[in-house]
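> okay, here's the prediction I keep looking at, along with the sequence it came from:
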Amino acid sequence: MMSATDLAVGQPPSRRTRLDGRSLAWLGVAPFFLFALLFLILPTGFLVVGGFQDAQGHFTLANIGKLFQPSIRSAYWISIEVSAASAVGGAAIGFFIAYAGVIGGLPRWIRPTLITFCGVASNFAGLPLAFAFLATLGRTGLVTALLIRYFDFNIYSTGFNLLSFWGLAITYLYFQIPLMVLILAPALDGLKREWREASAILGASGLQYWRYVALPVLWPSLLGTTLLLFANAFGAIATAYGLTGSSLNIITIELYAQIRGDVLHDQNLGYALALGMIVITGFSNAAYIWLRGRSERWLR
Amino acid sequence: MRHSRIGSWLAIAIGTIYFLVPLLCTFEFSLRMRRGEYSFDAYRIVLSDPQFQATFLYSTALALATILVGVLLVVPTAYWIQLRLRRLRPVVEFITLLPLVIPAIVLVFGYLRIYNSSSLLPFTASEAATNLLLTFGYVTLALPYMYRAVDTGLRSIDVRTLTEAAESLGAHWPTILLKVILPNVRVAVLSGAFLTFAIVIGEFTMASLLDRPAFGPYLQLMGANRAYEPSALAIIAFLVTWASMGLMQLLGRRPGDGR
Amino acid sequence: MKKSAWLQMASGSAMAVLASAGIASAQSLDALVAAAKGEGQLTVIALPHDWCGYGALIDDFKRKYGLKVNELNPDAGSGDEIEAIKANKGNKGPQAPDVIDVGLSFGPSAKKEELLLPYKVATWSSIPDSQKDADGYWYGDYYGVLAFEVNADIVKKTPADWGDLLSADYKNMVALAGDPRVANQAIQGVFAAGLSASKGDVAKAGDAGLKFFADLNKAGNFVPVIGKAAPLAQGATPIIIRWDYNALADRDTLKGNPKVAVVVPKSGVVAGVYVQAISAFAPHPNAAKLWMEYLYSDEGQIGWLKGYCHPIRFQDLVSSKKVPADVLAKLPSADAYAQAVFPTLDQQSQAKGVISTQWDAVVGANVK
């Protein structure tokens, strides 16, 4: 990598010596770290400290110990499963829709409509979303009723149930897919048309273009956004609470019950649960970095 | 080289069905307020409330402030990380994922503990300062999305070459960021801006506990124990937010921009 | 009189004098109003407008005394309210709640954590002893019983008792108004079902309630969706088990679209008491005290009654004939409340322990 001094050789004498590139970079990211410290890390400090305390404030590992109870372990696991399912599904479907909108050769007006719609839909979550799906695919939903009336077909007779793991995953897709589309669209822009044309000239088929040129370029972004989708679903609660309510034992509802509810009120256990969630997020982040590193090596 | 467009149309069609049908069902339910017939009663009730406008404008103003602070914070950071501080990337990415798993209520109670009127940084001592605290809270909530959007955008341009080219022409870093990098990640920044806008408009917990007159608390108060009004509100909020984003899209477009 | 008895009497009356002159006694109302107006505002939390007619009460209070009322988080649960007091300990801004309205069990626990300011309203003596803290830290405000809120358009045969809910007529119809691990309303619902099933044996009510819901779930009658006005009207949760005042408020809001029937079950009638308290760190303590005086005055108590909540001084008001006949007419008949059970704190916590830990195994998706 060329340093500032290399660049300075041959430059007009009026150019003053610059700060070493590295210290400038550190200064450049300092505001971010200061902001994160003040408005993210410090407020969360109470959470971290509280997870290791009991109700009287003494240090204890009991809360962490309680995390390994079967009911809580299964809550974490169900949350991970739902988040993974909706993340992978959202990433895949979002990819195809983003591709269709950006590169698919459709009329000009499709893209801005798609992007702005996805902007709104990405945050259409919580009780309104749960209710929307209840009103659509619930037992008394409009689509269910119309299918029975006009096609004599009851979707519930096939064993489908909106109020289940898969029902929740399908509902989660409503905000996962738009998130993927919004973040991937600029990356798809970066796929230069020239690359496609060049590979065609060299005799590559569409599939080969994708496998050897486009996907390797997009892969880190695809992985990173899938991770974002995973964490997004992992932390979601209002949608699940409004849809599957008390039947699906996800970790965010457990958290809600401890920190906010009227029944159980073990703040410290709640903080420990949140700590567990942070640790899991850390692990998924590490897994993503490892995957990215592996693929980058493979792609070189 | 022309590739078949049927696949694209199919993807868009399926997407349209999946996204529009639940909205249509919500809309249909909101029309049922009057017994036995369809009517816009629920909408009339919702729109006649003067608080609707006031709170929506407040949240819009805060959203724009959040976007500004967010862009100023995230773009240089993502840039420097990509260019010089690759090692820090995992740390920054982990930090930006935290707001997704830490409940907003934990954050706001943390703010109240640290920044209340008797602390070193008394954010809650005045309305203006509380607005600022709320903005910073929103920036924190929007951080995962803004960072990921900008990072993805930066990956798709060759940051190093652009920087070196600009430096060799004598530019210093403010010029590089403002005149070279930012225009090239404009689309990504716009995506991040949309995500931020949607989050701020709908946010409830922080605004309510910091006692600010935002749109989220208004939606909650209006729709808490009603049947038809919440659906009408959801549709209206959806349409109004979509229109605002359309406006942002138009304003963010460069003259002569074909895309 | 013997010396010891004389001493006893003297100390007894001395105590009485001290108690009435202490900080907990009601100040003269005018002085209080002036002090409150000096503070200019009141901050409340967790008061939805449709809950017990709080919307009307807050408006009336604002109009009467010209104070500004900051309404924090109407969606908050009791846990949130306690947390809000703790988080705002150093805060004098409008984010610090002055008064709280929490479930019965939160009164003593908040007192233990030294979060409350004791205060005895002017009408203190007419509040039943079992529903208040002797030192004035917390005091019951209203109660209601668990009832069935039924969408009469969809449900042709209205259930009359808990046992009826198990019949095949109600497939995919019965819902709770929350998650029993989170919401007081929901866990009391399970308790009430259990009380009916165990024929009044409070100690067995927790387990019996769990069994009832297990049976309900197995029969396919239980819908895990949180019951509210919207899913009730839409048809997803046509029968909701919730407090009678919420059910009656919904009936009014829906204005017959759909028709709502509110049924107090024949057996297993459980009453739930909520308590009021003033925060020890309230930035506006005089406004808080004025609010309490307002709520516990005849006007305030009848205000709650208009919201279908039985105010804590209900018996007192009825016997002194202060309740307007038209308000009384809109409530379900008094017979339904005659056999209401008021579980004690110990009974509640025992049932809570059983239900909240095992709910998952009973109704969870893992069961299927």
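Yep, it's here. The model shown is predicted, which means the values in this text are computed figures rather than measured ones.
> residue nearest the centroid of the chain?
You didn't pick a chain, so chain A it is. Centroid check for chain A by CA atoms, centre = their mean gives residue A:229 as the closest residue, at 1.6 Å.
> chain B, not that one
With distances taken as CA atoms, centre = their mean, the residue of chain B nearest its centroid is residue B:196 (1.3 Å).
> quickly find the element holding the closest residue to that residue other than its chain neighbours.
Nearest in space to residue B:196, with sequence neighbours left out and distances taken as CB to CB, 6 or more residues apart in numbering or on different chains, is residue B:142 at 4.0 Å. In this view, the C-beta of every residue, glycine as well, is placed from N, C-alpha and C. The secondary structure element spanning residue B:142 is helix B:127-155 (assigned by DSSP states H and E).
> quick check: buried residues in that helix?
Of the residues in helix B:127-155, those scored as buried under the neighbour-count criterion (16 or more other CB atoms under 10 Å in any protein chain shown) are B:129-131, B:133-155.
> now it: average pLDDT?
Model confidence over helix B:127-155 averages 93 on the pLDDT scale.
> so what's the backbone phi/psi at residue B:157?
Here is the backbone geometry of residue B:157 (degrees, to the nearest 10): phi -120, psi 160.
> isn't it up against residue B:183?
No. With contact defined as CB atoms under 8 Å, residue B:157 does not count as touching residue B:183 (10.2 Å).
> how near is the residue nearest to the centre of chain A to residue B:208?
Noted for residue A:229: a distance of 27 Å to residue B:208, by CB to CB, to the nearest Å.
> still on that earlier bit, name the helices or strands packed onto the strand or helix carrying the residue nearest to the centre of chain B?
With elements taken from DSSP H and E, the one containing residue B:196 is helix B:186-202. The helices and strands touching helix B:186-202, judged by 3 or more CB pairs under 8 Å, 6 or more residues apart in numbering or on different chains; DSSP states H and E, are helix A:110-121, helix A:165-189, helix B:50-83, helix B:127-155, helix B:215-223, helix B:229-251.
> how far out from the middle of the chain is the fourth one?
I take that to be helix B:127-155. How far helix B:127-155 lies from its chain's middle: 8 Å, per CA atoms, centre = their mean, to the nearest Å.
> where in the chain is pLDDT low?
In the absence of a named chain, this looks at chain A. Residues of chain A that meet the criterion pLDDT under 70 lie in A:1-20, A:297-300.
> not what I meant, chain B
Under the criterion of pLDDT under 70, the regions of chain B flagged as low confidence span B:1-4, B:254-259.
> list the residues that contact the residue in it that chain C sits nearest to.
Per CB to the nearest CB, the residue of chain B with the smallest distance to chain C is residue B:116, at 3.3 Å. Residue B:116 makes contacts with B:122-124, C:88-93, C:95-96, as judged by CB atoms under 8 Å, 6 or more residues apart in numbering or on different chains.
> please apply the same query to residue B:244.
Taking CB under 8 Å, 6+ apart, one finds B:60, B:197 in contact with residue B:244.
> switch to 10 Å and redo it
When the contact criterion is CB atoms under 10 Å, 6 or more residues apart in numbering or on different chains, the partners of residue B:244 are A:116, A:119-120, B:56, B:60, B:63-64, B:194, B:197-198, B:201.
> over to residue A:127?
Counting by CB under 10 Å, 6+ apart, the residues that residue A:127 touches are A:238-239, A:241-243, B:220, B:223, B:230, B:234, C:226, C:228, C:230.
> list the buried ones in stretch B:33-51?
Of the residues in stretch B:33-51, those buried under the neighbour-count criterion (16+ other CB under 10 Å) are B:33, B:41-43, B:45-46.
> ranges for the helices of the stretch 1-150 of chain C?
With helices called from DSSP state H, counting those that start in this stretch, the stretch 1-150 of chain C shows them at C:3-21, C:29-39, C:54-65, C:78-87, C:106-112.
> Three-state assignment for the residue of the stretch 251-368 of chain C found nearest chain B, please.
Among all residues of the stretch 251-368 of chain C, residue C:257 sits closest to chain B, at 3.9 Å; criterion: CB to the nearest CB. Secondary structure state of residue C:257, per DSSP: H, G, I helix; E, B strand; the rest coil, is coil.
> what does the stretch 151-259 of chain B have sitting close to chain C?
B:204-205, B:207-212, B:217, B:220-231 (CB under 10 Å from any CB of the partner chain).
> which non-adjacent residue is nearest residue A:28?
Residue A:28 sits nearest to residue B:80 (CB to CB, 6+ apart), 4.1 Å away.
> the one you found against residue B:73, yeah?
No. Contact between residue B:80 and residue B:73 fails when scored by CB atoms under 10 Å: they sit 12.0 Å apart.
> return every residue with contacts to both of those two.
Once CB under 10 Å, 6+ apart is applied, the residues that residue B:80 and residue B:73 both contact turn out to be A:29, A:32.
> which of those two has more neighbours?
Neighbours were counted for residue B:80 and for residue B:73 using other CB atoms under 10 Å in any protein chain shown; residue B:80 has more, 25 against 21.
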